[in-house]
Structures are given as C-alpha cells and as structure tokens.
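>>> Got a predicted structure here, sequence first:
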Amino acid sequence: MKIRTHLLLSYLGLILLIIVGLTFLSSYIMSSLTARNVAEAEDAVKHLASANYQLSEEALTVLGERFVRTKSREVASLLSLKLRGRDSKDYAQLREDPELRSLAVQDILAAERIAGHVDVLDDTGTAVWHPNRLVEGKNYAQWKDEYPDMWRLVERSFTENEVQGYYTFFNRNQQPVKKYMTLTRVRGTPFIVAAVVEISEFFVPVHEKIWSANQQSQAKARQSIETATGSTLEHGKLLGAIGAAITLILGGCFGYWFAGSISNPIMRLKDGVRQIGEGNFSVEVPERGTSEVKELAHSFNLLGNQLIEYTENLTRTTAAKQRLESELAIAAEIQRSLVPTAFPPSADHEELEIFAVMHPAREVGGDFYDFFFVDEEHLCFAIGDVCGKGMPAALLMAVTKSLIETTAAQTLDPGQVLGLVNERLAHNNEKCVFVTIFCGILNVITGELLYANGGHDLPIVLEHRGSTRFLAPTGGSALGLFEDETFQNEQLILAPGDKLFSFTDGVTEAMDSREQLFTRDRLFSAVSSLAGSTVRELVDGVLQEVTVFSAGTPQSDDITIMALQLLRRR
C-alpha cells in the first residue's frame with residue numbers, strides 16, 4: 001500500500017473515531033443539560049452531600065492516621081524508658097509485668113467505640129504483647145501468604161524506624177477487615193510498637209447521617225429527571241447525525257490533499273536515505289513542502305557532515321575512555337600494593353595467624369586494612385572505611401593508612417593513635433570527609449589487647465572455649481570531623497586459640513535482589529558457624545556467604561574483612 005493511500009485511510013479512520021466520540025459526547029451533554037435544567041435544586045443537594053461525605057472521609061482519615069502514628073510513637077518512647085536496663089530477651093518475665101502489659105497493650109477509641117489496639121512485636125516478627133493472648137509468641141510470618149500486605153509492612157519495620165500503611169487482616173471477631181497500621185521501633189530494644197485501627201470506625205457515624213440525607217434528597221428529584229431527559233436526547237441525536245455526515249465529506253476531500261503533501265517529500269527523503277546508506281554523505285534533497293517537512297529535509301541535508309563529525313568524536317571519546325580505564329587499573333594496582341599481603345606479617349612470629357581480603361565496589365575504593373609489628377612484642381592492626389568511593393576515597397585511604405603507621409611508631413596507646421590521626425585529618429577539612437577506624441595493639445607475649453574505635457563496626461571475638469560476641473564499645477566518632485575528639489581504650493586478654501574478626505559495613509549492608517540487607521545478625525551467625533575454622537577459612541567462608549546472598553545484584557559498597565588468631569603466647 002502506498003503511503004498516500006495509507007495516510008488517506010488513516011485520516012478517514014481518525015475522522016470516524018472523532019465523529020463517534022462526538023456523537024456520544026453530544027448525547028451525554030444534552031442529557032446532562034436537560035437534567036440540570038429540570039432538577040437544579042436536586043443536583044445542588046446531591047453535590048453538597050457528596051462533598052460533605054468526601055470531605056468528612058478525607059479529614060477523619062487523615063486525623064485517624066495521624067492519631068495512630070502519634071499513639072505508636074508515644075508507646076514506643078515510653079517502652080524505651082521502661083525497658084532500659086532490663087533483659088529484653090526474657091519475654092515470659094516481661095509479659096508478667098502488669099505495668100508493661102498495660103503500656104504495650106491498649107485499646108484505641110474513637111467516638112466511644114473501639115477502633116483498634118496497640119500491640120508489640122520483635123524484630124523477627126514474633127508477637128511479644130497482644131490483646132489476644134493466643135497470638136503472643138506466634139510469628140506474623142505464618143500469615144504472610146494469606147495477608148501479604150500486612151507482612152510487607154512488618155518486614156519493613158525490621159530495618160526502618162517507622163513504617164505505616166494499609167493492609168487486610170482479621171479483627172477481634174476473626175473476620176478480615178481493612179486496617180491501617182503504624183510500626184515504630186523501640187529505641188535500644190529489639191521491639192516494635194504496632195498501632196492498628198480500622199480507619200472506617202473513625203467516620204462511620206458521620207457517614208451514616210450524610211448518606212441517609214443524601215438518599216432522601218436524590219429520591220425526590222430522580223423521577224422528574226427521568227421524565228425530562230428522553231425528548232431532549234432524541235433531538236440531540238438527530239443534530240449529531242447531520243453534523244457527522246457533513247464532517248466526513250469535507251474531511252475526505254481535505255485528507256486526499258493532505259496525504260499527497262506529506263507523501264511526496266517523504267518519498268524524496270526515502271531515496272536520500274538509501275544513498276546515505278550506500279556511503280554518499282553529500283546527498284541533498286529539495287527543501288519543499290510544509291514547514292515541518294522543509295525542516296526535516298534541511299536536517300537531512302546536514303546529516304552527512306554530522307555523521308562525519310560524530311565518527312571523529314566517537315574515535316576521540318573511545319581513546320580517552322581507554323586512557324581513563326588504564327589509569328584506573330594502575331591506581332587499583334597501587335592501592336592493592338598499599339595493604340599488606342604477607343600472611344602472617346613476619347616469619348619470626350609463628351605465634352600469630354592473620355588473613356585479610358579487600359574488594360572495592362569500583363576499580364578503587366576507600367576501605368583499607370593494615371597490620372605491622374611496632375616492636376618484637378606488639379602488633380598494631382587497623383581496619384577502616386573512608387566515606388565515599390572512587391579516587392577521592394582511595395587518596396584519603398592512603399593518607400590515613402600512612403598516618404596510622406607513623407603515629408603507631410610513637411605510642412602503644414591506640415586511643416592516642418586515633419586522636420593524633422584525627423587531628424591531622426580534621427585540620428582544614430572543609431569538605432567534611434571522614435573515615436571510620438578500629439585500631440588495636442596486641443601484646444603477643446601476654447595476649448593483652450588494647451583497642452580504640454572511631455565510629456567503626458566493632459569486631460567479633462571468637463573464644464577457643466566456644467563463646468562468640470561483639471567487642472565492648474569504647475565510644476568515639478568518625479575521624480576527620482572534630483579536631484578535639486578523644487578516643488578511649490578498652491582492654492581484652494586473648495587466650496591461645498582466640499580469634500578476632502573485623503569487617504567494614506560493605507559486609508552487613510550487602511543487598512540481595514529484594515534490596516534486603518545482609519545485617520549484623522546474619523554476619524554473626526555466619527561467623528559463629530565457622531568458629532572452628534582457620535582465619536583464612538573464616539574470612540573466605542564469610543565472603544562466600546555474602547557473595548551467595550547478594551548474587552545477581554551489583555556490589556554497592558567496598559567489602560573488607562580481616563581475621564586474627566593468637567595461636568600461642570611467646
């Protein structure tokens with residue numbers, strides 16, 4: 001089919017669609033106008049009632065949602081104070097405390113009726129306090145298939161401080177209803193406060209009155225509307241049919257001319273495209289026709305020079321990209337050479353075993369680890385994470401590592417080491433870049449470990465007797481923010497066989513395909529399961545767990561792991 005014929009048929013088809021649409025539209029308009037003239041008063045009542053109904057629903061819904069959020073935050077704040085210093089793992093004892101139960105389980109009232117309740121669950125989804133005691137101890141995951149919207153809100157609350165949304169769940173009568181829920185984490189505990197209501201309970205009384213009045217007003221006017229509409233609609237259909245016939249005839253004549261004015265220049269452009277495809281970039285076509293077609297022909301005539309220029313630019317861009325990739329590869333190699341790769345660090349110290357890996361998210365990154373003997377008795381080791389990624393982070397990483405090595409040669413106090421490094425980094429730090437660092441100095445003769453922390457994730461201790469725990473915190477913020485920051489030391493005695501597992505947040509914040517984090521709990525479980533392994537097997541095993549967990553998703557942050565074991569004391 002030629003393009004002219006195709007355009008003509010398309011144009012006529014469009015006209016027919018417009019005529020049909022206008023016919024239905026005119027019928028609707030005529031019907032509406034007739035009804036408005038006959039029952040203006042009825043329409044006013046209906047619109048006013050409808051507006052009141054909608055306004056009351058929107059206002060009371062917003063009020064209800066805000067009330068639920070406030071209630072959830074209030075209970076979470078009070079529970080945080082009441083549970084401070086108490087064992088948050090002994091659920092049975094906590095449930096027996098009447099003061100805690102009266103705080104954790106409350107009815108939410110609206111217009112002297114119960115609209116919802118407050119209950120508490122933990123960060124695994126297990127119900128801790130609930131108005132229905134039969135639910136306590138059960139995990140909400142058992143309803144995730146039947147009520148997926150509810151479970152998605154609960155699951156999000158494991159990683160977010162506050163979550164709210166609508167879902168369907170059973171009520172006190174075991175019947176499924178639509179509910180609104182706000183989940184707020186209780187600071188300092190594994191608990192999450194859930195405030196749940198049936199939003200409709202907030203505005204049912206108002207809506208019943210509005211609906212009743214609206215129905216009575218509409219019933220009085222409906223009969224007169226139906227009587228007046230019939231004759232007016234028939235008259236409108238006749239006028240619409242006459243207008244459609246006239247439009248179709250005039251549109252066909254115009255479409256024939258219009259199709260020709262478009263198709264002829266396009267055929268000339270088609271021939272020009274064929275010649276460009278054969279390599280003739282200097283081809284030109286006449287610039288005739290409508291203003292758009294003229295512009296298209298003019299653009300086509302410029303295409304040859306633009307193609308030549310584009311080819312030259314592409315060649316230059318490719319060369320520049322290759323140079324950049326080469327420079328990044330060199331920078332990555334230099335960065336790898338900055339961290340120690342000899343395990344253990346000295347052949348003269350067989351009482352110590354250490355292993356570490358570093359995987360930047362890009363060609364170069366901001367993570368680092370380091371270990372070296374300050375003297376024959378003391379091993380200094382550190383692991384850090386510079387804010388940001390790429391070349392700027394890599395440069396700050398190199399500076400920080402160098403400062404640690406220089407400062408550790410002056411003092412065996414890790415707190416002083418971090419303080420001096422922080423002072424250097426914070427001086428004239430206009431861009432407020434910072435680095436988190438864990439630093440320790442181990443006496444390989446006595447097993448005494450002094451350590452200080454600058455805003456970094458605390459390492460995990462694996463004792464040879466079988467227990468596993470995170471190191472006790474020391475306080476201290478990230479380095480580079482405040483010049484006068486001080487860092488406290490903590491002491492730990494490592495027995496022969498004890499291990500220390502250090503990591504950066506690229507491990508715990510690795511994400512799977514559902515954007516869920518690896519988390520500290522999953523890391524702790526993985527480390528505990530590998531407690532009997534060598535340090536190399538421990539590092540490789542955890543790295544494998546993270547790799548499997550995040551399979552199919554790009555690495556979003558640098559990953560660095562270091563493990564140390566005291567085999568025996570000298």
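Ah, there it is. Numbering: from 1, shown residues only.
>>> Show me the shaky parts of the stretch 351-500 of the chain.
363 (pLDDT under 70).
>>> mind listing the helices for it?
In the stretch 351-500 of the chain, the helices defined using DSSP state H, counting those that start in this stretch lie at 390-408, 414-426.
>>> now these as TSV including distance to T290 and mean neighbour count?
Bear in mind the C-beta positions are built from the backbone N, C-alpha and C, glycine included. Formatted as TSV, the helices of the stretch 351-500 of the chain follow (distance: least, CB to CB, whole Å; neighbours: other CB atoms under 10 Å):
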stretch	distance to T290	mean neighbour count
helix 390-408	51	19
helix 414-426	66	23
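>>> now these in a markdown table, with distance to N489?
Formatted as a markdown table, the helices of the stretch 351-500 of the chain follow (distance: least, CB to CB, whole Å):
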| stretch | distance to N489 |
| --- | --- |
| helix 390-408 | 14 |
| helix 414-426 | 4 |
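>>> and of those, who's closest to F470?
Closest of the helices of the stretch 351-500 of the chain to F470 is helix 414-426, at 17.5 Å (criterion: CB to CB).
>>> chain center to that closest one: distance?
34 Å (CA atoms, centre = their mean, to the nearest Å).
>>> Contacts only, for L462.
Going by CB atoms under 8 Å, 6 or more residues apart in numbering, L462 touches 468, 498-501, 527-528, 531, 538.
>>> D43 contacts R36, correct?
Yes: proximity of D43 to R36 meets the contact threshold set by CB atoms under 8 Å, at 6.2 Å.
>>> who's more crowded, these two?
Neighbours around D43 and R36, counted as other CB atoms under 10 Å, are more numerous at D43. The numbers are 17 against 12.
>>> What strand or helix carries that one?
Secondary structure assigned from DSSP states H and E places D43 in helix 40-82.
>>> next helix or strand past that helix?
With DSSP H and E, the next secondary element past helix 40-82 is helix 91-96.
>>> Show the contacting residues for N453.
Counted by CB under 8 Å, 6+ apart, N453 has contacts 437-439, 473-476, 487.
>>> what are the bridge partners for the residue lying closest to I108 once chain neighbours are set aside, then?
In this structure, I108 finds its nearest non-sequential neighbour in G116, 4.1 Å apart by CB to CB, 6 or more residues apart in numbering. Following DSSP bridges, G116 is listed with bridge partners I108, V197.
>>> Check L492 too.
Here L492, judged by DSSP bridges, has bridge partners L449.
>>> how near is it to G447?
Between L492 and G447 the distance is 9 Å, computed by CB to CB, to the nearest Å.
>>> just to revisit the earlier point, okay, the contacts of N453 in a markdown table with neighbour count and distance to A361 next?
Output for the contacts of N453, formatted as a markdown table (neighbours: other CB atoms under 10 Å; distance: CB to CB, whole Å):
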| residue | neighbour count | distance to A361 |
| --- | --- | --- |
| I437 | 31 | 19 |
| F438 | 29 | 20 |
| C439 | 27 | 24 |
| P473 | 10 | 27 |
| T474 | 18 | 28 |
| G475 | 12 | 29 |
| G476 | 22 | 26 |
| F487 | 25 | 28 |
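>>> one step back: just checking the distance from the helix holding D43 to the centre of its chain.
28 Å.
>>> what does the average pLDDT come to for that helix?
In this model, helix 40-82 has an average pLDDT of 79.
>>> Restricted to buried residues, select the contacts of L462 in PyMOL.
Selection of the buried residues among the contacts of L462 in PyMOL, burial being defined by 16 or more other CB atoms under 10 Å:
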select buried, resi 468+498+499+500+501+527+531+538
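>>> just checking, which of the contacts of L462 belong to strands?
468, 499-501 (DSSP state E).
>>> Pull the most distant pair out of the residues you listed.
Longest span within these, CB to CB: T468 and L500, 11.2 Å.
>>> The residue nearest to I108 contacts V177, doesn't it?
No: the criterion here is CB under 8 Å, and G116 misses it with V177 at 10.4 Å.
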